[in-house]
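K.L.:
task: produce atomic coordinates for the following.
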Amino acid sequence: MIRTVKSYRIRKYISLFFISNFIMFLLIEALTPKSLITKIVVSSDIVTGILIILFCKRELREILKEANARHKNILFLSMFIFGICYSMAMISLFTLTGMDKINIEHGEISYEIAKFVYDHRLLGFITICVIAPIIEEILFRGLIFRGLLYKNNLITAVFISSAIFALLHFNLKQAIMAFGEGVFASLIYFYYGSIFLPIAIHIGHNFASLSIAFLFGTNLNKYFALVILLVSVCVTVINIVVIKRFEKKRLEVS
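P.N.:
Residues are numbered from 1 along each chain as shown. I've put the predicted structure just below:
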């Protein structure tokens, strides 16, 4: 499990988040071309990462030191698969329940970002599926969630950090998905103590979301959505079995 640190200043981390994203919000409101909006959205994580490096050096070193001591490759792969399955399941549920039509008149940011990835290929993929998950998980799980644990119980810390994480996103669907992913990532981080595992979940989630958005846009067929949902559930069950076996072997060795 992770250990809480008294000197982790929650207000500082939340301020970094709101400063970068408030600037982003003002720019988005002022701009109408979606290509410009997408570039601003993509660059915001990089700006946040720079702020973390500048103002949170000590905390960052501590988080990475603990992660290196506890990280296992098989767990990273399993969490990556969990992230993919979660994204596929949620998108399928939105389609089956009709929630996929919410906010469609404003355009789908995820679809626009998927096009950004396609247009910029390697740079776009690295930015959305690698850089963004690393920076956001360090901020929301490594700093905010971890700091909240000092004065709050686990449930409160998970809820608050996940709710703040959901505010980063641009419509109801994305906020719901972000909140759920935040809850799961926080619990995994709390249990295993490695920031690399929430990062793996986030990478898988972004990868699946972008892939589906790019392949189907906002027109995912309900029949195919049901198939995706069933597949994601089956793979999740298999993944859980694999993790349980890994945990059993780990306990036997220790």
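K.L.:
could you give me the buried positions within stretch 119-132?
P.N.:
Using 16 or more other Cβ atoms under 10 Å as the test for burial, stretch 119-132 gives 124-125, 127-129, 131-132. Every C-beta, even on glycine, is put in place using the N, C-alpha and C of the backbone.
K.L.:
how far is the helix or strand hosting I176 from where the chain is centred?
P.N.:
For I176, the element it lies in under DSSP states H and E is helix 172-192. Computed by Cα atoms, centre = their mean, to the nearest Å, the chain-centroid distance of helix 172-192 equals 7 Å.
K.L.:
which helices and strands sit right next to it?
P.N.:
helix 73-97, helix 154-167, helix 196-216 (3 or more Cβ pairs under 8 Å, 6 or more residues apart in numbering; DSSP states H and E).
K.L.:
how far out from the middle of the chain is the longest one?
P.N.:
The gap between the average C-alpha position of helix 73-97 and the chain average comes to 11 Å, counting by Cα atoms, centre = their mean.
K.L.:
and it, what's buried?
P.N.:
Neighbour-count burial for helix 73-97 flags 75-76, 78-96 (criterion: 16+ other Cβ under 10 Å).
K.L.:
returning to what we had before: any buried residues in the helix holding I176, and which?
P.N.:
Residues of helix 172-192 classed as buried by neighbour count (16+ other Cβ under 10 Å): 173-186, 188-190, 192.
K.L.:
model confidence over that helix, on average?
P.N.:
In this model, helix 172-192 carries a mean pLDDT of 93.
K.L.:
can you tell me the centre-most residue of this protein?
P.N.:
H202 (3.7 Å; Cα atoms, centre = their mean).
K.L.:
let me see the confidence value for that one.
P.N.:
97.
K.L.:
and the helix or strand where L251 lies, what other elements does it pack with?
P.N.:
Assessed by DSSP H and E, L251 sits inside helix 222-253. Counting by 3+ Cβ pairs under 8 Å, 6+ apart, the packing neighbours recorded for helix 222-253 are helix 73-97.
K.L.:
in the chain, what helix or strand scores lowest on average pLDDT?
P.N.:
The weakest-scoring helix or strand in the chain, judged by mean pLDDT, DSSP states H and E, is helix 109-120 (a mean of 64).
K.L.:
quick check: next helix or strand after that one?
P.N.:
Per DSSP H and E, the first helix or strand lying C-terminal to helix 109-120 is helix 122-126.
K.L.:
how distant is that next one from the center of its chain?
P.N.:
Remark: helix 122-126 is offset 17 Å from the chain centroid, using Cα atoms, centre = their mean.
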